[in-house]
Structures are given as structure tokens and as C-alpha cells.
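S.K.: sequence isn't available, so here's the structure alone:
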């Protein structure tokens, strides 16, 4: 990951890169992997970038390919009621075609796995406010929003949870796509 996810300058570069280069990056990705993408999908991807910005900000550099450690789940937020449980991002990573009504059920059913895999689950904060608090480096507030689903998280102090979040915003060496091998 080439940027710090709690710096305004890096955030701006990320958004600019997405908006201005997605038209080239995405087709190149699909060509490299022998996949097809309808042209109209590019516009849809641009419009849905807002949620992606907030949902991919806390990445675990120790296991960057983990669906549990590199995505988050936000519960008890209005966006879930109005946007088809969009904030169950980890559940979506685990099963991309899961119906939106099944995400909360899957979280409850797989709670032990979320715990074992050290997933991050937040309550009462949406993607936009999560991004705002990260950019303001307000880790204490974010740490208070974490639902401690594992014994390890419950044993952490507020400051330790804030440090965990801080560590997940640091840049780390890029990975080769589809592997755990660092470049």
C-alpha cells in the first residue's frame, strides 16, 4: 500500500488517482487477467467510490490479503438501512454475491470466525465519519466505536485499540496482485 491512510495529502492523491486514472487502471487490470468489463461499468465504479474510500482505510500490513483484516464492518448506522447493508464490507468480501439482507445474519452466525481472524467491527459510525476521524487522527474516538468481539480486543485498553488503528493506516510495501509476496 503506497500511502498513509490518515494523511490528508495521501488521501487526496488516492482520490485523485481513483477519479482520474480508473479509466485506464481498470481496463488494464482486466486485460492482464483476461477478464471482460462492460464500458458502462466504469461510470458506475466512479459513482460508488465514496463508500470504497471509507471501507478500505484500515489495512493490516501483517496480513494484507485477509478479508477479515483488510475490511471493516459497521453496524448500527443509517447507511445500512438506506444502502442495502453496504457497511457489512467484510461479509461482502467473504461472499460477494450474498444478498444484502443476509449480511447481519452472517455476522452473527460467523462471529467466532470474525473474532479468531481479528476483524474490526465498529458501531454507530459510518464510512464518511470514519474517514473524517482518521484524517483528523482522532483514534481515541474510533477506538471507542470498536465492538470488542474477541477476548484479545476486550483485553486491550482504549489507547491500545487506538494504537492498533494507527498501525493499520501506515503505508507498507506493495504486494504482487493475488499473492502474499512483497515487491
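M.R.: Alright, I've got the coordinates. Everything quoted here is computed from the prediction, not taken from an experiment.
S.K.: for this protein, which segments are assigned as helices?
M.R.: Listed in chain order, the helices of the chain (DSSP state H) span 8-32, 40-47, 49-55, 78-82, 89-94, 103-109, 111-116, 127-135, 139-145, 151-155, 158-167.
S.K.: buried set for the last one?
M.R.: Right, the one you point to is helix 158-167. By neighbour count with 16 or more other C-beta atoms under 10 Å, helix 158-167 contains the buried residues 161, 162, 164, 165, 166. All C-beta atoms are positioned from the backbone trio N, CA, C, and that covers glycine.
S.K.: now do it: which elements does it pack against?
M.R.: Judged by 3 or more C-beta pairs under 8 Å, 6 or more residues apart in numbering; DSSP states H and E, the packing partners of helix 158-167 are helix 139-145.
S.K.: check which residues of the helix it packs on are buried.
M.R.: So for helix 139-145, counting by 16+ other C-beta under 10 Å, buried means 139, 142, 143, 145.
S.K.: which ones are touching the residue lying closest to residue 6 once chain neighbours are set aside?
M.R.: The shortest distance from residue 6 to any non-neighbouring residue, by C-beta to C-beta, 6 or more residues apart in numbering, is to residue 169 (4.1 Å). Neighbour list for residue 169: 4, 5, 6, 57, 58, 134 [criterion: C-beta atoms under 8 Å, 6 or more residues apart in numbering].
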